[in-house]
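Trainee: I would like the atomic coordinates for the input below:
(2 chains)
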Amino acid sequence: MIPEFEKFKGFKAKSMPKEEPLACGHRACQGCGEVLALRMVMKALGKDVIVCSATGCMEIISSPYPHTAWNVPWIHIAFENAAAVASGVESARKVLKRKKKIPKKHVDILAVGGDGATGDIGLQWISGAMERGHDFLYVCLDNEAYMNTGVQRSGCTPYGAMTTTSPPGKQSFGQVTWKKNIPAIMVAHNIPYVATASPAYFLDLMNKVKKAALVKGPAYVHIFSPCPTGWGSAGERSVEFARLAVETKVFPLYEVIEGRYIMSRKIKKAKPVTEYLKGQKRFRHLDEAHVDYIQKRVDAEYEKLLRLSEMT
Amino acid sequence: MSKRVGIEVSIAISEAVGLARAEVIPAYPITPQTHIVEHLSEMVANGQLDAEFVPVESEHAAMSCCCGAAAAGARVFTSSSSQGLSLMSEILYIPSTMRLPMVMVVANRAMSAPISIWNDHQDIMVQRDIGWIQTFAENGQEAVDLTIHAFKVAENRNVSLPMIVNIDGFTLSHVIEPIELPDQEDVDKYLPPFKPRYKLDPRRPITMGPVGIPEVYTEAKVAHAMAMKNSRRYILKAWKEFEEVFGRKYEPVETYRTEDAEVLLVGMGSICETAMTAVDEMRDQGQKVGLLKIRLWRPFPAQEFRKAVGKTKILAAIDRCLPPGAVCGPVGAELRSMFYKIPGAPKIFSFVAGLGGRDVTVSRFEEIVDKARAYAKKRPRELYEVIGVREK
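Mentor: The predicted structure follows:
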């Protein structure tokens, strides 16, 4: 077990941190699930943090010069390389501490990016940083497409979803591939902590982010982030969709601590996937056969995960 | 006391980086830069240098890591070449406008295709406009001195720009030369610890690398261009201080036997050594020929260059870079635009030579001078000429 976790008792709804490292007044869309998740991430981390942001929605909505929503040090260099930038920050702090040029106090280093920045264009940079073992946490805010550029498909776009580059038509039913399993790729790097989280379960999310920060070495948290603009869903239903994704087993919540899979929430009686799919314009063109396929595959993937948790 | 040793130039550069007490060194191997980073990792491994050597997974990551480390307040060094430098390209524009000081030695090498590990200047000319200060070293001693000088300039708060020292791949990187390695004490005197004006620090949070909306983008770029222009005086000042501490004098443009010259060769980097021999031979034959070496490439020292040209009427600019479809090579273009419509300007002829590791021999320089003289009488049909192309 990880010794750093022993003292951590978890966040409580009654005593939430009052600090807002990510201030309100940013320019995110109404009902943005991603900025909601990011706010919780930052609440969990507090003020002793350095944020390295990838290009994307969260970067542009929070930093249009001369405004900034950041009450903590924050840097943005480019799209694919937040993990490499974080490697640099971490290395610098290591040597500067050794040389007594900065205080010894621990500061968390957070790299954050969307699903495109993490799983597609940035995969190599993240892989490199994880493999080298830098002491940092990487948070992927997965809204399942390139939303910042206008809803193009990514490797994390779910099967069947309509995006501007996976449009349904006579020859197509939308995204033809199954969602890329980024957490599994991170687990394959043998890093000490990997987790999935959802803003619908905010205490669980914050606890996981805190654990990712506490653990020595690299850690990864993959957060499901509803995007009303890209999904064609109602802004006020973002949290509901985040919850439905968990309750339908579409996005299971789990931790992988030193290679051991631990289900955060076992879904005994799952809701049918249709409850999650309906209400989102990106899925409304799907016929019964495709929905059936999704249901079967979701069940199978969940079974696979349960087996992993039993095996490890 | 500084010591004069026979040492491979790459190793000497690493020693200079060590003397400069670099703190974070993200690096990815590429021929012919490898010996520099190998030796640096060795120095870190055996405790000679207290630094973090970050063995990143690509040059793009190396430059990204450099940005993070410089923003966090560390003294940063990296080195690259050719394809690797091009892979960094996306990021190279960023630390310069964000004013993050760092030093990179580029072991200049040709660009693919065809793949070639050998020396020319095409890799750095691709990156001409990245907004880094750039110098060219002619020999091993210069490579060492310019590396130490680069930290001094880059980290000057009035400059705060990243800096590249160009050294010719193999021709410099892999040769053993007698080099005077400075004393640690002298380097410490010359180069105080890096104290950035801004850094990533939770005690004083700042936002770095924000979105530049149309209302501010132009101003950000102009501020960068102004910083580049203003850096000139600090570059010169740092060379003057260098001379005071180490006794070796550097200027942005160096002249060799330019007195009463009718023709001046203009070159950059290690070919200048051969060019000097060529000038000597031509002078022995009674030809009035001299050489101008461009040591500071960006910001281009126009003022010093005009002064160095003096009354000479014929310039032969030598580029080790062939940009297809352009009117001539970048050095030729720089000189032509600099002298455009200036009364009494010299005639400038552009030559391309020494691509992909082909040696530029003494006789080639003589050929260039002969051609420049001929073209001064009868205008050439082409705006530039490639020297030494085999027809069969």
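Trainee: just the closest residue of chain B to chain A, please.
Mentor: B:Gly68 (2.6 Å; CB to the nearest CB). For every residue, glycine as well, the C-beta is placed using N, CA and C.
Trainee: now for the spatially closest residue to that residue that is not a sequence neighbour: which residues touch it?
Mentor: Once flanking residues are discounted, B:Gly68 sits nearest to A:Gly88: 2.6 Å by CB to CB, 6 or more residues apart in numbering or on different chains. By CB atoms under 8 Å, 6 or more residues apart in numbering or on different chains, A:Gly88 lies in contact with B:24, B:26, B:54, B:64-72, B:76.
Trainee: can you check A:Pro103 too?
Mentor: A:Pro103 neighbours (CB under 8 Å, 6+ apart): A:Lys97.
Trainee: tell me the SS of it?
Mentor: Classification of A:Pro103 using DSSP: H, G, I helix; E, B strand; the rest coil returns coil.
Trainee: what is the mean pLDDT for the top helix by length along chain B?
Mentor: Using DSSP state H to define each element, chain B has its longest helix at helix B:214-246. Confidence for helix B:214-246, expressed as mean pLDDT, is 98.
Trainee: whatever helix or strand comes next after it packs against which elements?
Mentor: Toward the C-terminus, helix B:214-246 is succeeded by strand B:253-256 as the next helix or strand (DSSP states H and E). Packing partners of strand B:253-256 (3 or more CB pairs under 8 Å, 6 or more residues apart in numbering or on different chains; DSSP states H and E): helix B:271-284, strand B:289-294, helix B:302-309.
Trainee: could you redo these as a markdown table and give each row mean neighbour count, mean pLDDT and distance to B:Pro210?
Mentor: Output for the helices and strands packed on strand B:253-256, formatted as a markdown table (neighbours: other CB atoms under 10 Å in any protein chain shown; pLDDT from 0 to 100; distance: least, CB to CB, whole Å):
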| stretch | mean neighbour count | mean pLDDT | distance to B:Pro210 |
| --- | --- | --- | --- |
| helix B:271-284 | 19 | 98 | 43 |
| strand B:289-294 | 26 | 98 | 36 |
| helix B:302-309 | 17 | 96 | 34 |
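Trainee: may I see those organised as CSV, with distance to chain A added?
Mentor: Below are the helices and strands packed on strand B:253-256 laid out as CSV (distance: least, CB to the nearest CB, whole Å):
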stretch, distance to chain A
helix B:271-284, 35
strand B:289-294, 31
helix B:302-309, 32
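Trainee: got JSON lines for the ones you listed, with distance to A:Glu236 too?
Mentor: Listed next are the helices and strands packed on strand B:253-256 as JSON lines, based on distance: least, CB to CB, whole Å:
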{"stretch": "helix B:271-284", "distance to A:Glu236": "69"}
{"stretch": "strand B:289-294", "distance to A:Glu236": "64"}
{"stretch": "helix B:302-309", "distance to A:Glu236": "62"}
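Trainee: and the longest helix of chain B, how far from the chain's centre?
Mentor: When distances are taken as CA atoms, centre = their mean, to the nearest Å, helix B:214-246 is centred 15 Å away from the chain's centroid.
Trainee: now stretch B:33-51
Mentor: On CA atoms, centre = their mean, the centre of stretch B:33-51 falls 22 Å from the chain's centre.
Trainee: most neighbours among the contacts of A:Gly88, please name it.
Mentor: Neighbour counts for those peak at B:Cys65, which has 38 neighbours (criterion: other CB atoms under 10 Å in any protein chain shown).
Trainee: show me what the stretch of helix or strand that residue belongs to is packed up against.
Mentor: Element membership for B:Cys65, per DSSP H and E: helix B:59-71. Judged by 3+ CB pairs under 8 Å, 6+ apart, the packing partners of helix B:59-71 are strand A:74-76, helix A:82-98, helix A:123-132, strand B:24-26, strand B:52-54, strand B:77-80, helix B:82-97.
Trainee: in the second one, what counts as buried?
Mentor: Of the residues in helix A:82-98, A:82-96 count as buried by neighbour count, 16 or more other CB atoms under 10 Å in any protein chain shown.
Trainee: one more: stretch A:26-41?
Mentor: A:26, A:28-29, A:31-41.
Trainee: helices of the stretch 251-392 of chain B, start to end?
Mentor: B:271-284, B:302-309, B:330-339, B:362-377 (DSSP state H, counting those that start in this stretch).
Trainee: what sits up against the shortest one?
Mentor: Residues lying outside helix B:302-309 but in contact with it, judged by CB under 8 Å, 6+ apart, are B:251-253, B:255, B:258, B:264, B:292, B:294, B:315, B:335, B:338-339, B:342, B:346.
Trainee: any idea how far the closest residue to chain B within chain A is from B:Met282?
Mentor: Residue nearest to chain B within chain A (CB to the nearest CB): A:Gly88, separated by 2.6 Å. Separation of A:Gly88 from B:Met282 (CB to CB, to the nearest Å): 50 Å.
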